[in-house]
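Peer 1: Next input, structure requested:
(one chain, ligands or ions: 1)
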Amino acid sequence: NLQVILKDYVNGFPKESYMLLKTSIIPLKLPQDSNGVLVKNLYLSCDPYLCLLMSKGQVGYLESFTPGSPITGFGVAKVVDSGHSNFKKGDLVWGLTGWEEYTIITTPQTLFKIQDTDVPLSYYTGILGMPGMTAYYGFYEICAPKKGEYVFVSSASGAVGQLVGQFAKLTGCYVVGTAGTNEKVELLKNKFGYDEAFNYKEEQDLDAALKRYFPEGIDIYFENVGGKMLEAVLLNMRVNGRISACGMISQYNLNQEEGVRNLSSIIMKRLHMKGFIVSDHFNLLPKYMEMVIPLIKEGKICYIEDIVEGLESAPAALVGLFSGKNVGKQVVLVARE
Ligand code: NDP
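Peer 2: Next comes the predicted model:
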């Protein structure tokens, strides 16, 4: 059983060398008394939060990984053996699993059975999985968007951002996105339907850039990066604006704390800025599936994935999220069905 193991706690920026590949033996049958599920992993999801969990005691809502153990994260898998009444051999599932070929999942309540199989299975790591729910909850439930509103999305071509932009267009909003390469900016405009897009790395003055695209200000900000971008956005929010505080990737690997200026805008402009953890809201998954699956099938929404093959490619793919190497949702193909 080939595994991706955390070698040691990460300090600062994550590197591939903090992970190693190891082979272990795993019986392909569960013990008689087990109520767990043994799965064969097919796709693994590379998500920025995984690198947070590689640091010692850093994350409030989740336990850090243990050095010497495989990375765990969201993935798509096939049930090989089950001691749990909800699952049987051959079922396709998505949920929390290990970065390895086979995993014994002792808490099968973290798994969702895959019902629709006439869409790419890898979508359950993205648009039909955790990032999709994140875009859905953060945009519709937190921002309560209305037609004609001005929406700004950071990390706009990523797993979450590409969906937020398309949801905003479907709602009739004006939406601008930002990303870190010109290739991604082209995708934002030509593939995901953003009205405008810019490369934040080419802007000397983010405040001026935002004023260029939003002369009347921003109603909704879908926050994925934090730091200087958030500071500039706060200056450009309209009264009664809403900010969905989804992620702050620019802050995840900083050793020293960096304050965010301009927070007083939240008071002066009566802004609503709300943080959330998507897994608290997985009860809305059926509602989201009902909305999004027809949109995919009717071609009203598209989803770009960046799929690398083999567990040995997983560490570089994960670390690449922090330099923007991924174009779209970063997925690792472990095995074909
Ligand atoms: P992405 O697919 O967008 O990948 C990360 C992207 O972040 C990179 O491609 C890069 O794009 C950008 N990036 C990396 N470093 C920086 C930096 N220093 N400054 C600005 N941009 C940077 O990731 P996801 O869509 O999966 O996640 C987006 C955000 O949502 C993350 O912050 C994540 O932690 C958060 N999240 C929160 C959840 C929740 O429950 N609250 C659930 C899921 C995700 P570029 O080339 O544009 O720089």
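
Peer 1: Show me what from the stretch 151-300 of the chain comes close to the ligand.
Peer 2: 155, 158-161, 179-181, 184, 224-225, 246-250, 276-278 (CB under 6 Å from any ligand atom). No exception for glycine: its C-beta is placed from N, CA and C like everyone else's.

Peer 1: Just the buried residues of the residues you listed.
Peer 2: Taking 16 or more other CB atoms under 10 Å as the criterion, what is buried in those is 155, 158-161, 179-180, 184, 224-225, 246-250, 278.

Peer 1: doesn't Met133 make contact with Val292?
Peer 2: No - when contacts are counted by CB atoms under 8 Å, Val292 is not listed as touching Met133 (9.5 Å).

Peer 1: Pull the contacting residues for Lys40.
Peer 2: Counting by CB atoms under 8 Å, 6 or more residues apart in numbering, Lys40 makes contact with Ala77, Lys78, Val80, Glu101, Tyr102, Ala335.

Peer 1: Excluding chain neighbours, what is closest to the second one?
Peer 2: With CB to CB, 6 or more residues apart in numbering as the measure, Lys40 is the residue that lies nearest to Lys78, at 4.9 Å, once sequence neighbours are left out.

Peer 1: Bridged to that neighbour, which residues?
Peer 2: Taking DSSP bridges, one obtains Lys78, Tyr102 as the residues bridged to Lys40.

Peer 1: a helix runs through Ile142, doesn't it?
Peer 2: Yes - counting by DSSP: H, G, I helix; E, B strand; the rest coil, Ile142 falls inside a helix.

Peer 1: got the contacts of Lys40 as TSV, with distance to Ser313 columns?
Peer 2: TSV is the format used below for those (distance: CB to CB, whole Å):
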residue	distance to Ser313
Ala77	18
Lys78	20
Val80	23
Glu101	14
Tyr102	18
Ala335	13
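
Peer 1: most neighbours, which of those?
Peer 2: Ala77 (29 neighbours; other CB atoms under 10 Å).

Peer 1: Just give me the neighbour total for the closest residue to Lys228 other than its chain neighbours.
Peer 2: Spatial nearest neighbour of Lys228, excluding adjacent residues (CB to CB, 6+ apart): Leu206 at 6.1 Å. Residues within reach of Leu206, counting by other CB under 10 Å, total 19.

Peer 1: Does Leu21 belong to a helix, a strand or coil?
Peer 2: Quick answer, by three-state DSSP: Leu21 is strand.

Peer 1: ok, it - contacts?
Peer 2: By CB under 8 Å, 6+ apart, the neighbours of Leu21 are Leu2, Gln3, Val4, Ile5, Leu311, Glu312.

Peer 1: Wait, the third one touches Ala317, no?
Peer 2: No - contact criterion CB under 8 Å: Val4 and Ala317 do not qualify, at 10.4 Å.

Peer 1: Compare these two and say which one has the larger neighbour count.
Peer 2: It is Val4, of Val4 and Ala317, that has more neighbours when counted by other CB under 10 Å, with 23 against 19.

Peer 1: Can you name every helix or strand that the helix or strand encompassing the more buried one contacts?
Peer 2: Using DSSP states H and E, Val4 sits within strand 2-6. Counting contacts by 3 or more CB pairs under 8 Å, 6 or more residues apart in numbering; DSSP states H and E, strand 2-6 packs against strand 19-23.

Peer 1: Can you mark which positions in the strand it packs on are buried?
Peer 2: Met19.

Peer 1: now do stretch 101-119
Peer 2: Buried positions in stretch 101-119, judged by neighbour count with 16+ other CB under 10 Å: Glu101, Tyr102, Thr103, Ile104, Ile105, Pro108, Thr110, Leu111, Phe112, Ile114, Val119.

Peer 1: Just flag the most distant two among those residues.
Peer 2: Greatest spatial distance in those: Ile104 and Val119, 27.7 Å, computed using CB to CB.

Peer 1: one step back: between the strand holding Val4 and strand 19-23, how many degrees?
Peer 2: With axes from the mean of the first three to the mean of the last three CA atoms, to 10 degrees as the basis, strand 2-6 and strand 19-23 are set at 150 degrees to each other.

Peer 1: what mean pLDDT does strand 2-6 have?
Peer 2: Strand 2-6 carries an average pLDDT of 97.

Peer 1: now stretch 215-224
Peer 2: Mean pLDDT, stretch 215-224: 97.

Peer 1: how distant is that stretch from the center of its chain?
Peer 2: 20 Å (CA atoms, centre = their mean, to the nearest Å).
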